[in-house]
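# structure here, sequence nowhere to be found:
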């Protein structure tokens, strides 16, 4: 299926629908902030029910020139998000008509926007080769105080997904809240260690200018200083709160993407290669528009730099499918007993389908198989 430029790209621009809702909530206060999660979570899930699944695959040979309008939405998002976040900080701290709970509500909604959209767009951008796109991704991540995600995602997750080295591959029966604390504690250390070992292999010290953590710190510090200049300490706290909500959104998605799926250990710290079966996918139309095909996750792991409009979907005999799109499934994940009832039987069915020869999953469940050989 060939791309037809603007017409094919327009559905992916639905993310901009959150911007007037953020402005309306900031101007009006009250309960208007609920329109943002209602749009990103519930309306999109309802549209999935109406529009159904899209299992068609685009032509991967489509020239990049025909993808201009698809790429453009990821380019414009950083200035859009920055304008909303920093204008809102200035507005709520310089007008007297909003109470404390209203301000928190507004920045909860903005965090939903910067997490559901911003983090996903940053993920797309940091995988691309042009330097300006990677810089845009860095700016978005810094505005969510999560810059180390770039290192952890590129150097650790994509190499060691579905193994014990990857903290963001949720284990079978692991609840989201335990998982969330795990990634908050483990991933910054893991990312720093990966960069340190990469520099050491090149004979460079950890304080070398090539260590991206210096850039991460400078960008995040600049964001906090701007929030302080616009809104004082209250501005910094509101900025940090929206960042926390965005991180929450990102890690909910990470939790769903690989829950319970493991690569087979071949012995001696060696694992089978990453296959489509090691990611949960969803072919739901509207949520793939909003999340720029993130739900075609198996193909992303097959070819990480493939542009989002060209990502492929797989049949169930190749890759496991979720019953709903990511927005609905992340909501279920926040209630661990509900999640286990829905997903544990699916994981067990996945094991029977793809690994009938494995009879003892205890070490996999506990994450006690060996750390992969050669992992950074």
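Structure's in. What do you need? All values derive from a computational prediction rather than experimental measurement.

# just checking, next helix/strand downstream of the top helix by length along the chain?
Determined from DSSP state H, the single longest helix within the chain is helix 212-258. Following helix 212-258 in sequence order, the next helix or strand is strand 265-267 (DSSP states H and E).

# that following strand: what's the following helix or strand?
Downstream of strand 265-267, the next assigned helix or strand under DSSP H and E is strand 270-271.

# could you list the paired strands of that following strand along with their orientation?
Using DSSP bridges, strand 270-271 pairs in its sheet with strand 265-267 (antiparallel).

# buried residues in the partner strand?
residue 265 (16 or more other Cβ atoms under 10 Å). Every C-beta, even on glycine, is put in place using the N, C-alpha and C of the backbone.

# number the chain from 492, please
In the new count, where the first residue is 492, that last one comes out as strand 756-758.

# the longest helix of the chain packs against which elements?
Applying 3 or more Cβ pairs under 8 Å, 6 or more residues apart in numbering; DSSP states H and E, one finds that helix 703-749 contacts helix 559-585, helix 591-604, helix 622-634, helix 640-642, helix 667-692, helix 817-824.

# can you name the element that comes right after the fourth one?
This means helix 640-642. With elements assigned by DSSP H and E, the helix or strand that comes after helix 640-642 is helix 649-651.

# okay, buried residues for that next one please.
650-651.

# before we move on, what about stretch 550-563?
Burial within stretch 550-563, assessed by neighbour count using 16+ other Cβ under 10 Å, is assigned to 553, 557-558, 560-562.

# low-confidence ranges in the stretch 492-641 of the chain?
492-495 (pLDDT under 70).

# quick one on the thing from earlier: what's the closest of the helices and strands packed on helix 703-749 to residue 721?
Across those, residue 721 has its closest neighbour in helix 559-585 (4.5 Å, Cβ to Cβ).

# rebuild the helices and strands packed on helix 703-749 as a markdown table, extending it with distance to residue 613.
A markdown table is the format used below for the helices and strands packed on helix 703-749 (distance: least, Cβ to Cβ, whole Å):
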| stretch | distance to residue 613 |
| --- | --- |
| helix 559-585 | 9 |
| helix 591-604 | 13 |
| helix 622-634 | 4 |
| helix 640-642 | 8 |
| helix 667-692 | 15 |
| helix 817-824 | 16 |
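
# nearest to residue 710, of those?
Nearest of the helices and strands packed on helix 703-749 (Cβ to Cβ): helix 622-634, 3.6 Å.

# and the closest one, what does it pack onto?
Contact analysis of helix 622-634 by 3+ Cβ pairs under 8 Å, 6+ apart lists helix 559-585, helix 611-617, helix 640-642, helix 703-749 as its packing neighbours.

# residue 808: which of the buried residues of stretch 550-563 is nearest?
residue 553 (26.4 Å).

# next, give phi and psi for that closest one.
The phi/psi pair for residue 553 (degrees, to the nearest 10) reads phi -60, psi 130.

# that one contacts residue 801, correct?
Yes: using Cβ atoms under 8 Å, residue 553 is in contact with residue 801, at 6.1 Å.

# does residue 861 touch residue 757 like I think?
No: Residue 861 lies out of contact with residue 757 (Cβ under 8 Å); the separation is 10.3 Å.

# for residue 784, give me its contacts.
Neighbouring residues of residue 784 by Cβ atoms under 8 Å, 6 or more residues apart in numbering: 799-800, 802.

# ok, residues contacting stretch 505-523?
524, 526-527, 530-531, 564, 568, 571, 575, 578-579, 582-583, 588-590, 593, 596-597, 600-601, 603-604, 607-608, 612, 777, 780-781.

# same thing but at 6 Å, please
Stretch 505-523 is contacted from outside by 524, 526-527, 530, 575, 579, 582, 589, 593, 597, 600-601, 604, 608, 780-781, using Cβ atoms under 6 Å, 6 or more residues apart in numbering.

# quick one, which of these are buried?
524, 526-527, 530, 575, 579, 582, 589, 593, 597, 600-601, 604, 608, 780-781.

# which of those sit farthest apart?
Greatest spatial distance among the buried ones among the contacts of stretch 505-523 (Cβ to Cβ): 589 and 780, at 32.4 Å.

# counting neighbours, what do you get for the closest residue to residue 666 other than its chain neighbours?
Distances taken as Cβ to Cβ, 6 or more residues apart in numbering place residue 827 nearest to residue 666, at 3.7 Å, with adjacent residues excluded. Residues within reach of residue 827, counting by other Cβ atoms under 10 Å, total 16.
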